[in-house]
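Asker: Okay, predicted coordinates and the sequence, questions at the end:
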Amino acid sequence: MKLYSSAAVVGVAMVGLLGMSGCATKSFVREQVGIVDQRVNETNSRVDQADSHLAQLDRTSQEALDRASAAGKLAEGKFLYQMVLSDDSVKFPVDRASLSPEAQARLDAFVQKLKGDNRNVYVEIQGHTDATGSPEVNKKLGEERAEAVRLYMNKEGVALNRMSTISYGEQAPVAPNNTRDGRAQNRRVVVIVLA
C-alpha cells in the first residue's frame with residue numbers, strides 16, 4: 001500500500017511538473033510569436049516603402065523616356081527658324097519667369113506664323129539665365145521660363161505634344177555675366193522650330 005501511494009505521489013508530482021513546464025512553454029511560444037509578428041509587420045512596412053519608391057522610380061523613368069523621345073525628334077528635325085526672347089523684349093526680371101505684355105505680343109505673332117506656315121513642326125523651348133545665383137536655382141529658373149512660354153503658346157493653340165522644354169540655366173551665356181547688360185541678354189528663352 002505504501003508503495004502504491006508513493007508511486008501515486010510521484011506520478012502526481014510528475015504530472016504537476018509537466019503541467020508547469022507546459023505553461024512555461026505556452027508563454028514562451030506566445031512571446032516568440034509576438035516577436036515574429038512584430039518582425040513580419042516591420043518587413044511588410046519596408047516592402048510597402050520599397051513599392052512606393054519603385055512606383056516613383058517608374059514615374060521618373062517614364063519622364064526621362066519622354067524627354068529622350070523628344071530629344072530624338074529634335075535630333076532628327078531640320079532647323080527652320082528660331083526666335084529669341086531676351087530681356088530687351090521679354091523683360092524677364094531677375095529670379096522671375098513671368099511673361100511681360102511685350103513677350104506675350106511677340107509670342108502671339110510667333111504662334112500666328114507657326115499656324116500660317118501650316119506645317120507639322122516641332123518646337124524646342126530653351127530656358128536660360130544669367131550667372132546670378134546657384135547653378136541649381138538657375139537650372140530651375142530656366143525651366144520655369146521655358147515652361148511659361150510653352151504654356152502660353154499652348155493657350156494660343158500650339159499642341160503640347162509639338163513642344164518640349166529644356167533648361168540650360170547659366171551654362172550657355174551669349175554675353176559676359178560681369179556687366180548688367182550682359183546679364184540681361186543671358187536671361188532669355190530661345191524658341192527653335194524644326195521640321
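Answerer: Done, it's in. Residues are numbered from 1 along each chain as shown.
Asker: Show me where this protein has its strands.
Answerer: 79-85, 122-128, 163-169, 189-194 (DSSP state E).
Asker: Return the list of strands paired to the first one, each annotated with direction.
Answerer: Strands adjacent to strand 79-85 in the sheet, as given by DSSP bridges, are strand 189-194 (antiparallel).
Asker: contacts for the strand it pairs with?
Answerer: 73-74, 77-85, 90, 92, 110, 114, 121-128, 145-146, 149 (CB atoms under 8 Å, 6 or more residues apart in numbering). Bear in mind the C-beta positions are built from the backbone N, C-alpha and C, glycine included.
Asker: count of residues packed around Ser134?
Answerer: Other residues within reach of Ser134, judged by other CB atoms under 10 Å, total 11.
Asker: Repeat that for Val111.
Answerer: Using other CB under 10 Å, Val111 is surrounded by 19 other residues.
Asker: My read is that it contacts Asn154, right?
Answerer: No: counting by CB atoms under 8 Å, Val111 stays clear of Asn154, with 9.6 Å between them.
Asker: Compare the strands of the chain and give me the one nearest Thr179.
Answerer: Evaluated over the strands of the chain, closeness to Thr179 peaks at strand 122-128, with 16.3 Å, by CB to CB.
Asker: so the closest residue to Phe79 other than its chain neighbours bridges to which residues?
Answerer: Nearest-residue entry for Phe79: Leu194, 5.9 Å, with adjacent residues in sequence omitted and distances by CB to CB, 6 or more residues apart in numbering. Beta bridges link Leu194 to Phe79, Tyr122, judged by DSSP bridges.
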